[in-house]
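>>> just coords:
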């Protein structure tokens, strides 16, 4: 009997270690993408879902196919608070597209699905609204992306969502969909099983003697996500008093030091953006830095 | 003394309230006043963006700090310049824009004090369409300039006539009497192809 307990303990340890060590790939995972394409090809006979009344199978599959063909053109909408889910989606598309496709197909067929051990069970309000979003630019014509973002926002909650937990029409633009830094890191850990490192907070900026150097170092080691004050990065008004709070998540792709300034390249939902900023501005805009380290081998 | 105080409070209240509100007729008057320049800008912008999109913002109200957004299919390059800076033309040339046309557009923007020009996409029956978007800061008086919250006239220029309800609000299409929102705002009619709103953000 003791031997069996020992074997069970050993198995549990091996499995948990493997999960903890999961790491993203440095390059996009091409074999996974091919596998995902095959899964989509086999799903051609998908029937109209009773769970998602406003999404036809054809539009749903076309959207998924487009996501596989052009993974970094996924659009998080014009006025939504989906940027955090967009950043998470970036790493899902890059590293495990077949898992994403399987989850989406299950979600469409059954109205619920697992992404690893995270169960997505979107509410009836979400199911009725998905496919009907309007005035959000490209997101209007991408029903599968609406399903994905709404399901993630419905599943993961942080303190910012405390006063608006139940989805109502138009809540994609409100606090219902917003994400604080701890929630963002939790989503990365739970969905992708990454070992996530993080600096900064929702109100106080991270301190670093050499912030560009720190970001360069983390970029060399893996994927880096930034929690930014977008009102300072891309001004939207000329008010003298600016809100000193972060409001936007991006995936940092590159950082280059020039003589006077710093050039940052980041993925921002459908676009890779290249922007020149001063060191002072960079320190002002960054409130949170989360990172995941690459490893030579994926142990999963 | 007390009546003087009451008069003073009344005056301050009236001034404060009037500085916070914007009449709906002002954007129409503004459009009528600058119609020729705005039409020229529309035409210039159309010519400039035939192959590649561009967005131009002024980050200050003296209209000296310019931010240019050059858009390719997948990458958006954002560069900041001072008005008249030589390297701005170098960048425009490098990205393949007609420098003369862009400079004329920037000059027009300064003339009418336009702080943002861009293209927005929207969908009707699943088909993508584009509209031209311009923003103009409203001239506001405030007793406490530091705490003033800026307002902007936002103008939309469509290529085809649009549908409006009896109150002049922009609708989705003729058959669907739903009010269309652009960047979260409802818009009001100026002409069949031009509409406006007042917002706290210029983009």
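Looks like it came in fine. The structure presented is a predicted model; accordingly, all values stated were derived computationally and were not measured. Numbering: from 1, shown residues only, chains lettered A, B, ... in the order given.

>>> residues near residue A:286, how many?
Residue A:286 has 24 neighbouring residues, counting by other CB atoms under 10 Å in any protein chain shown. Where you see a C-beta, it was placed from the backbone N, CA and C, and this is true even at glycine.

>>> just give the nearest non-adjacent residue to it, would you?
residue A:226 (5.8 Å; CB to CB, 6 or more residues apart in numbering or on different chains).

>>> what residues does chain B put near chain A?
Selection of chain B residues close to chain A by CB under 8 Å from any CB of the partner chain yields B:57, B:59-61, B:67, B:71, B:74-80, B:115, B:120-123, B:126, B:128, B:137, B:145-150, B:152, B:172, B:180-184, B:200-203.

>>> out of those residues, which are buried?
Buried members of the residues of chain B next to chain A, scored by 16 or more other CB atoms under 10 Å in any protein chain shown, are B:57, B:67, B:71, B:76-80, B:115, B:120, B:122-123, B:137, B:148, B:150, B:152, B:172, B:180-183, B:201-203.

>>> tell me which residues touch residue B:139, please.
Under the criterion of CB atoms under 8 Å, 6 or more residues apart in numbering or on different chains, residue B:139 has no neighbours.

>>> in what helix or strand does it lie?
If you go by DSSP states H and E, residue B:139 is not part of any helix or strand.

>>> now swap in residue A:266 and tell me
Under the criterion of DSSP H and E, residue A:266 resides in strand A:262-267.

>>> partner strands of that strand, with direction?
As defined by DSSP bridges, the strand partners of strand A:262-267 come to strand A:248-257 (antiparallel), strand A:272-277 (antiparallel).

>>> buried residues in the longest one?
Same thing as strand A:248-257. A:248, A:249, A:250, A:251, A:252, A:253, A:255.

>>> quick check: mean pLDDT of it?
For strand A:248-257, mean pLDDT is 96.

>>> off-centre distance for that strand?
15 Å (CA atoms, centre = their mean, to the nearest Å).

>>> which residues touch the closest residue to residue A:134 other than its chain neighbours?
The shortest distance from residue A:134 to any non-neighbouring residue, by CB to CB, 6+ apart, is to residue A:140 (5.5 Å). Counting by CB under 8 Å, 6+ apart, residue A:140 makes contact with A:133, A:134, B:122, B:123.

>>> of all pairs in these, which one is the farthest apart?
Greatest spacing in the contacts of residue A:140, by CB to CB: A:133 and B:122 (12.6 Å).

>>> what's the closest of the buried residues of strand A:248-257 to chain B?
Relative to chain B, the closest of these is residue A:253; by CB to the nearest CB it sits at 10.3 Å.

>>> ok, that closest one - contacts?
Contacts of residue A:253 by CB under 8 Å, 6+ apart are A:219, A:265, A:266, A:267, A:272.

>>> same question, residue A:212
Residue A:212 sits next to A:255, A:257, A:262, A:279, A:282 when contact means CB under 8 Å, 6+ apart.

>>> who in the stretch 1-150 of chain A is up against chain B?
Counting by CB under 8 Å from any CB, the residues of the stretch 1-150 of chain A close to chain B are A:72, A:73, A:78, A:79, A:134, A:135, A:137, A:138, A:140, A:141.

>>> so what's the residue count around the fourth one?
For residue A:79, the tally of surrounding residues (other CB under 10 Å) stands at 17.

>>> ok so, going back, put together CSV for the contacts of residue A:140, with pLDDT and secondary structure on each row.
As requested, the contacts of residue A:140 are exported to CSV (pLDDT from 0 to 100; DSSP: H, G, I helix; E, B strand; the rest coil):
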residue, pLDDT, secondary structure
A:133, 91, coil
A:134, 88, coil
B:122, 89, strand
B:123, 89, strand
